[in-house]
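*Asks:* sequence unavailable; structure follows:
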């Protein structure tokens, strides 16, 4: 039987990440949660200023209240150029 060790979730506005993290924490607390977001995204602590060359719909320009509780164990930040490859 395979054991899930990690769950990778895109951040966006943070709502999906928060919901998935809540579920995983209750049902599989040993699973690590990885948030994936754009380098410089405001949702994960970057600036709210516009990012030149931004990939549409990747990386938020606003801070997320959903992420105030730090739902992810780790954050992986991708460049706009690398995002489509992942």
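*Replies:* Perfect, I can see it now. All of these numbers come straight from a predicted model, not from anything done at the bench.

*Asks:* burial check on the nearest residue to residue 65 once chain neighbours are set aside, number of neighbours?
*Replies:* Leaving aside its sequence neighbours, residue 65 sits nearest to residue 14 (CB to CB, 6 or more residues apart in numbering; 7.6 Å). Heads up, the C-betas are built off the backbone N, CA and C, glycines and all. Using other CB atoms under 10 Å, residue 14 is surrounded by 25 other residues.

*Asks:* what's the answer for residue 79, then?
*Replies:* Residue 79 is flanked by 14 other residues according to other CB under 10 Å.

*Asks:* next up, phi/psi of the residue lying closest to it once chain neighbours are set aside, please.
*Replies:* Spatially, and ignoring its direct neighbours in sequence, residue 79 is nearest to residue 39 (5.4 Å; CB to CB, 6+ apart). Dihedral angles of residue 39 (phi, psi; degrees, to the nearest 10) stand at phi -60, psi 130.
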